[in-house]
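Novice: make a model of this:
(2 chains)
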Amino acid sequence: MSDIKIKITDRQGVVHEVDAPTDMNMNLMEVVRSYELAPEGTIGICGGMAMCASCQCYVTSDHQLAEMSDDEDAMLAEAFNVETNSRLGCQIHMTEDLDGLEVALAPEV
Amino acid sequence: MIETDILIIGAGPTGLFAVFEAGLLKLKCHLIDALPQPGGQCSEIYPKKPIYDIPGFPEVLAGDLVANLMEQIKSFQPGFTLGERAETIEKLADGTFIVTTSKGTKHHAPVVAIAGGLGSFEPRKPLLENITKFEDNGIAYIIKDPEVYRDKRVVIAGGGDSALDWSIFLTDVAKEVTLVHRRNEFRGALDSVEKVQYLKNKGKINLITPAEIVGLVGGEHLKSVQVKRTNEDEVTTLDVDHFIPLFGLSPKLGPIADWGLEIEKNAIKVDNTLDYQTNIPGVYAIGDVNTYPGKLKLILCGFHEATLMCQSAFKRIFPDKKYVMKYTTVGGVEGFDGSKKEAPKAVVKAIN
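Specialist: Residues are numbered from 1 along each chain as shown, chains lettered A, B, ... in the order given. I've put the predicted structure just below:
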């Protein structure tokens, strides 16, 4: 397994190209936290249970992502600033086929 | 004025366990929490989810962990101020503190332990222009007194349990109940979803889905809301007396951030080499709310921090008293209610 490259636009609009490991059972929210691209306490508040939407992001590349779980779908139905390409970062698991993924973090609410 | 030895802000697992450790030292505790029930995130966000890293519990549901902690601390008779947020802290000349809540309840203690987790849970407010202007003038995020809505026209927004349950409840009180949600699907107990379906069929709940409230209209008081159905451009106006957005709660550090404590990464800096004391002597921070090099936001770490904090609090309150830590297996647990738990004594008896 190898690292993949991911482009993350933070809440200030700054683009970060980061390496994400695919063998550490990490999700996108955790990748953002590990690189400290959003302040602690403003992302991943529920710890990754799809229950707070603080890790909402917009997927801007055309990668085929795993389908949404009912939990994620329901959470996004109650979140703010939701777009058609909104996903919860905590539900996007780092796998090799996500190499080159591009996302932008949704505003903090 | 509520008097106690250790005033604990936050009734999550860390705050609750602190009551036990304080109790062993004969220190009384009182807890303040903005939520109406103890347990913090464990009760509010994920009561039905399992936790696998509580030592000695291969698996425990968050809600059960809270129930167990409440049982464990029962004999130490902790006091609770629930549904109120700790707002201000004042240090008196004798070094003790007065903490006042959002409802004006005053608490006096020589030691304050902030076990505030991610902060106090505040309602998530929809992003609508003028929304703050109508707060308490037609808009409320929490239903305190349902009688306010008697014979009024009420619109509720949201898709979770509270939106469903309050819609159901208010059909017996309000003149008109409208429920607006961005999806046709609701995330709630099956019972509640079916009840709303039934009330909708009977014409008691006006259900507008998939749709969203996109605007607020009114002078001093809210007069109407603008509703936009998803996939339609047209915006319709709905005359209402009250709008109740129920989009759940999210934690905010809140007023604690203004207490003069050293804050880093949305957390309170503490001395982790000793006792988790903050930059204000007598004020400690334990559990997820604190930070120090190598900090891990784990319940089990909060338990450890609570234990060391209590030892330090004891020395602060009784600087001249001699004390050595005693194992519960040896010393037993003497409650403030007169109860005593102890290991059964071995019997010395000859066998002939």
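
Novice: please make it C-alpha for all contacts and neighbour counts, starting now.
Specialist: Will do.

Novice: and stretch B:291-305, how far from the chain's centre?
Specialist: 19 Å (C-alpha atoms, centre = their mean, to the nearest Å).

Novice: for stretch B:336-343, same thing?
Specialist: On C-alpha atoms, centre = their mean, the centre of stretch B:336-343 falls 29 Å from the chain's centre.

Novice: pLDDT on that stretch, on average?
Specialist: Mean pLDDT, taken over the full extent of stretch B:336-343, equals 93.

Novice: buried residues in it?
Specialist: Going by neighbour count (16 or more other C-alpha atoms under 10 Å in any protein chain shown), the buried part of stretch B:336-343 is B:F336.

Novice: over to it now: how far is its first residue from its last?
Specialist: The stretch stretch B:336-343 measures 18 Å between its terminal residues, going by C-alpha to C-alpha, to the nearest Å.

Novice: what of stretch B:18-29?
Specialist: One end of stretch B:18-29 sits 8 Å from the other (C-alpha to C-alpha).

Novice: count the residues that sit near residue 45.
Specialist: By default, I'm working from chain A. 18 (other C-alpha atoms under 10 Å in any protein chain shown).

Novice: if you could check chain B rather than the one you did, that'd help
Specialist: Look at B:I45: counted by other C-alpha under 10 Å, it has 19 neighbours.

Novice: who's in contact with it?
Specialist: A:C46, A:M51 (C-alpha atoms under 8 Å, 6 or more residues apart in numbering or on different chains).

Novice: lowest mean pLDDT among the helices and strands, pick that one out for the chain.
Specialist: All of this is about chain A. Least confident helix or strand, chain A: helix A:70-78 with a mean of 89, by mean pLDDT, DSSP states H and E.

Novice: the intended chain is chain B.
Specialist: Result, chain B / mean pLDDT, DSSP H and E: strand B:249-252, a mean of 84.

Novice: next one: the least confident helix or strand of chain A to chain centre, how far?
Specialist: 15 Å.

Novice: give me the contacts around whichever helix or strand comes after it.
Specialist: Along the chain past helix A:70-78, the next helix or strand (assigned with DSSP states H and E) turns out to be strand A:86-88. Contacting residues not belonging to strand A:86-88 are listed as A:M29, A:A50, A:A53, A:C55, A:Q56, A:C57, A:Y58, A:V59, A:E72, A:L76 [C-alpha under 8 Å, 6+ apart].

Novice: from those, which two are the most distant?
Specialist: Within these, A:A50 and A:V59 form the most distant pair, 16.7 Å apart (C-alpha to C-alpha).

Novice: need the contact list for the most centrally placed residue in chain A.
Specialist: Nearest residue to the geometric centre of chain A (C-alpha atoms, centre = their mean): A:G89, 2.4 Å. Shown in contact with A:G89 (C-alpha under 8 Å, 6+ apart): A:N27, A:L28, A:M29, A:C55, A:Q56, A:C57.

Novice: spell out which parts of chain A neighbour chain B.
Specialist: Counting by C-alpha under 8 Å from any C-alpha of the partner chain, the positions of chain A adjacent to chain B are A:39-41, A:45-46, A:51-52, A:74, A:77-80, A:109.

Novice: ok, of these, which come out buried?
Specialist: Buried among the residues of chain A next to chain B (16+ other C-alpha under 10 Å): A:G41, A:I45, A:C46, A:M51, A:C52, A:A74, A:A77, A:E78, A:A79, A:F80.

Novice: okay, these in TSV with distance to B:E305 next?
Specialist: What follows is these, written out as TSV (distance: C-alpha to C-alpha, whole Å):
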residue	distance to B:E305
A:G41	20
A:I45	21
A:C46	21
A:M51	27
A:C52	27
A:A74	36
A:A77	38
A:E78	36
A:A79	34
A:F80	36
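
Novice: which one of those residues is nearest B:Q311?
Specialist: A:G41 (28.9 Å).

Novice: what sits against the closest one?
Specialist: Neighbours of A:G41 in contact, by C-alpha under 8 Å, 6+ apart: B:L118, B:K265, B:N266.

Novice: please list all residues in contact with whatever residue of chain A ends up closest to chain B.
Specialist: The minimum distance from chain A to chain B, using C-alpha to the nearest C-alpha, falls at A:E40 (5.4 Å). Listed by C-alpha under 8 Å, 6+ apart, the contact set of A:E40 reads A:R33, B:K265, B:N266.

Novice: gap between B:L61 and chain A?
Specialist: 14 Å (C-alpha to the nearest C-alpha, to the nearest Å).

Novice: pretty sure that residue is touching B:S43, no?
Specialist: No - applying C-alpha atoms under 8 Å as the test, B:L61 and B:S43 come out as separate, 10.0 Å apart.

Novice: of those two, who's got more company?
Specialist: Relative neighbour count places B:S43 above the other of B:L61 and B:S43, with 21 against 17, counting by other C-alpha under 10 Å.

Novice: which is the next helix or strand following the helix or strand where the more buried one lies?
Specialist: Counting by DSSP H and E, the element that carries B:S43 is helix B:41-44. Sequence order places strand B:50-51 as the next helix or strand after helix B:41-44, per DSSP H and E.

Novice: what pLDDT, on average, does the following helix or strand past that following strand get?
Specialist: As assigned by DSSP H and E, the chain's next helix or strand after strand B:50-51 is strand B:60-61. Average pLDDT, strand B:60-61: 98.

Novice: same question, stretch B:94-109
Specialist: 97.

Novice: and that stretch, how far from the chain's centre?
Specialist: 18 Å.

Novice: same question, stretch B:298-313
Specialist: The answer for stretch B:298-313 is 19 Å, by C-alpha atoms, centre = their mean.

Novice: ok, and for that stretch, which residues are buried?
Specialist: B:299-313.

Novice: and the residues you listed, which is closest to chain A?
Specialist: Of these, the one sitting nearest to chain A (C-alpha to the nearest C-alpha) turns out to be B:I299, at 12.6 Å.

Novice: could you check the distance from the closest residue to B:L246 other than its chain neighbours over to B:L222?
Specialist: Closest residue in space to B:L246, ignoring its immediate chain neighbours: B:G158 at 5.2 Å, by C-alpha to C-alpha, 6 or more residues apart in numbering or on different chains. Distance of B:G158 to B:L222, given as C-alpha to C-alpha: 19 Å.

Novice: repeat that for B:L127.
Specialist: From B:L127 across to B:L222, the span is 16 Å (C-alpha to C-alpha).

Novice: quick revisit: packing partners of the helix holding B:S43?
Specialist: Applying 3 or more C-alpha pairs under 8 Å, 6 or more residues apart in numbering or on different chains; DSSP states H and E, we find helix B:41-44 packed against helix B:62-73.

Novice: quickly run through the sheet partners of the helix or strand just after the helix it packs on, with directions.
Specialist: Downstream of helix B:62-73, the next assigned helix or strand under DSSP H and E is strand B:79-82. Partners of strand B:79-82 in the sheet, by DSSP bridges, are strand B:29-33 (parallel).

Novice: average pLDDT for the partner strand?
Specialist: What strand B:29-33 shows for mean pLDDT is 98.
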